[in-house]
Every structure is written in C-alpha cells, then in structure tokens.
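Undergrad: Kindly return the folded structure for what I paste below:
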Amino acid sequence: QVQLVESGGGLVQPGGSLRLSCAASTFFFNMYTIRWHRQAPGKQRELVASIMNDGSTRYADSLKGRFTISRDNVKTTVYLQMNSLKPEDTDVYYCNADHISSHSQFWGQGTQVTVSS
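TA: A predicted model of the protein is given here:
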C-alpha cells in the first residue's frame, strides 16, 4: 500500500506559478511511475505529466513548455512546476503511483488549483 499526499495548490493569478508536491510513503519509490492528472467536476480526467522510474518524462502536448515534472527519490516526492498559469488550468490535481511490474495503482486525495484574477 502506498499513500500519496499532494500539496502546493492554491489560488494564483493568471501568468503566475505554482509548484505541486506529491509525497509517497513507500520504501520502493523507485519502482513506481508517478503521474499527475487533473479533473474538474463534470469533466473527464486529463493526464498532465508522467515521470518514469528512470527519470524520463512525458507531457500532455497542450502543456509542454509550461509544466515540468521532476522526482526526488531520496525524499520520495514528485513535483509539478507549473508556470504561465491560465484560468483553464483550474482543476483538482491528483498524483498517481503505478508500479512498474504489477501495475498496482494508488491515488492521492488531490489538491485544488485555481487560476483567477
């Protein structure tokens, strides 16, 4: 069982930045791909970014250049740096851990990001 705790969300003005954190409680953090998703009420969940256990990354095409995902295997934490935020980035952001062998899935509780003036 892996517990994921997201933090760092909040209210930010358009053009601003936020850094989200996803802290994982596992000794085997390097066995997981970590993904950030986002979802607003009534909307489909959207994959934002992924970081594999080897550190390679993937992004939603629409977010490339504005969002950066990174991981610290010592702190067992994944970060999502979000720059040049737009009102349409307003969502609840969730992190997800996906075991590289078993594909067991774990989810955090989400953190709200609101981009508004």
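
Undergrad: give me the beta-bridge partners of the nearest residue to Gln109 once chain neighbours are set aside?
TA: Spatially, and ignoring its direct neighbours in sequence, Gln109 is nearest to Glu6 (6.8 Å; CB to CB, 6 or more residues apart in numbering). The C-beta positions use only the backbone N, C-alpha and C, and glycine is treated the same way. For Glu6, the beta-bridge partners are Cys22 (DSSP bridges).

Undergrad: same deal with the one 4 residues further on?
TA: Taking DSSP bridges, one finds Val113 as the beta-bridge partners of Gly10.

Undergrad: could you list every residue that touches it?
TA: Neighbouring residues of Gly10 by CB atoms under 8 Å, 6 or more residues apart in numbering: 18, 112-114.

Undergrad: so Tyr59 touches Glu46, yeah?
TA: No: taking contacts as CB atoms under 8 Å, Tyr59 lies outside contact range of Glu46: 11.5 Å.

Undergrad: Which one's more surrounded, the two?
TA: The neighbour count for Tyr59 versus Glu46, taken as other CB atoms under 10 Å, is higher for Tyr59 (18 against 14).

Undergrad: contacting residues around Tyr59?
TA: So Tyr59 contacts 48-50, 67, 69 (CB under 8 Å, 6+ apart).
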